[in-house]
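Trainee: Sharing a model prediction with you, sequence too.
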Amino acid sequence: MHNLKQNFLFILATFIIAVGIAACDSAKEELQDSPENKAAFESAIKKISEHFPKDTPWIRVAQSPYILTGTIQVDTNEIKKIQKTKGDYIEIDFAIDTVLKGDVPSKEIIINKYIHGEKNKKVHRNDSNLFLFNGKKSIVTLVLGYSSSYYLESIFPEADEIKIKEEIAKQNEIIVKSAHDKICPTVQHSSKVKKLIENMLVGSKATNAYTELEKLGFQAVPAIICQMDDRRELAVQGISLENKSPQAWEAMRHYSPELVVDVLEAILNQITGKSFGSIHNGGTEDERANTVNGWRIYLWHLFND
């Protein structure tokens, strides 16, 4: 009799939970399908398809784990020599005044920058800026590369410091207040993305899940961002993506992601062309957290700009 009562209570509890989940899913669908939220979602998708944003200070701040003020010292004659070749890296001495974002342990660092040959007609914004800002106070945004080396992303004039500080504060507020939490219940295709993520944990389904998620394209981007902070281990730690860059020298890009968040970053980059951290081959906890935060800031701007 005691076991019968326990079984009844278990069945009743399971039923109540199932009903609650179904009601919650129904409420989410109603929220997603409201005219206001559908319009906001379609506007966001249109922005993604138009390569939003083109080039704005906020995205460079969001993409850079390190933002510093200080003075650049570079051998401009060496730059001129490299420009006459096919291109090569140059080392830049940088004396730090202030760390605006990130954790840099030294007051003087070496920054690496690839200098492009004159025959390369593609516009590369920081090559000429090195001449302009050499020996002057400036603001640099950096990323961390192989062997923990710093690589130059952008250079801003010293006069932009207040604006950049304000943007960093704004982005910190977006993250601290979890602003994406208000957006995520309104985005469509969440259930499809969730199912494909679950399939990534199953060896026989993982590779197909990667393919199917990429096929969802722009429409899936908001839902992927909302669910990307997932540190579960992938069943298949390898993904191959078509290299769509006009400058591509190989047809496919091959990555070795370790966790769900790693492969979702690779797929987001493939769909949007944007990057907020190179964790597609795995990364540290800080690198993963910075990447997720960058995409959440991108999501906020998609629905608020």
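Mentor: Great, that's in hand.
Trainee: tell me how far stretch 78-88 is from the chain's mean position?
Mentor: 31 Å (CA atoms, centre = their mean, to the nearest Å).
Trainee: Then stretch 192-208?
Mentor: 21 Å.
Trainee: Kindly format the C-alpha coordinates of it as PDB.
Mentor: Output in PDB follows, covering the C-alpha atoms of stretch 192-208 (Å, rounded to 0.1, in the frame of the first residue of the first chain):
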ATOM      1  CA  LYS A 192      14.700  23.900 -33.200                       C
ATOM      2  CA  VAL A 193      18.000  25.300 -31.900                       C
ATOM      3  CA  LYS A 194      17.600  23.600 -28.500                       C
ATOM      4  CA  LYS A 195      16.900  20.200 -30.200                       C
ATOM      5  CA  LEU A 196      19.900  20.500 -32.400                       C
ATOM      6  CA  ILE A 197      22.100  21.400 -29.500                       C
ATOM      7  CA  GLU A 198      20.900  18.300 -27.600                       C
ATOM      8  CA  ASN A 199      21.800  16.200 -30.700                       C
ATOM      9  CA  MET A 200      25.300  17.600 -30.500                       C
ATOM     10  CA  LEU A 201      25.800  15.500 -27.400                       C
ATOM     11  CA  VAL A 202      25.000  12.300 -29.200                       C
ATOM     12  CA  GLY A 203      27.800  10.700 -31.300                       C
ATOM     13  CA  SER A 204      25.500   9.400 -34.100                       C
ATOM     14  CA  LYS A 205      23.700  12.800 -34.400                       C
ATOM     15  CA  ALA A 206      26.300  15.500 -33.700                       C
ATOM     16  CA  THR A 207      27.800  16.000 -37.200                       C
ATOM     17  CA  ASN A 208      24.300  16.200 -38.800                       C
END
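Trainee: which other residues reach it?
Mentor: 209-210, 212-213, 216, 220, 223-224, 227, 230, 232-236, 239, 260, 263-264 (CB atoms under 8 Å, 6 or more residues apart in numbering). C-beta: built from backbone N, CA, C; applies to glycine.
Trainee: Report the buried members of those residues.
Mentor: Buried members of these, counted by 16 or more other CB atoms under 10 Å: 209-210, 213, 216, 220, 223-224, 227, 230, 234, 236, 239, 260, 263-264.
Trainee: For residue 96, state which of these is nearest.
Mentor: residue 264 (33.6 Å; CB to CB).
Trainee: can you tell me the helix or strand for residue 90?
Mentor: strand 87-101 (DSSP states H and E).
Trainee: Can you name the next helix or strand after that strand?
Mentor: Defined by DSSP H and E, the subsequent element after strand 87-101 is strand 108-116.
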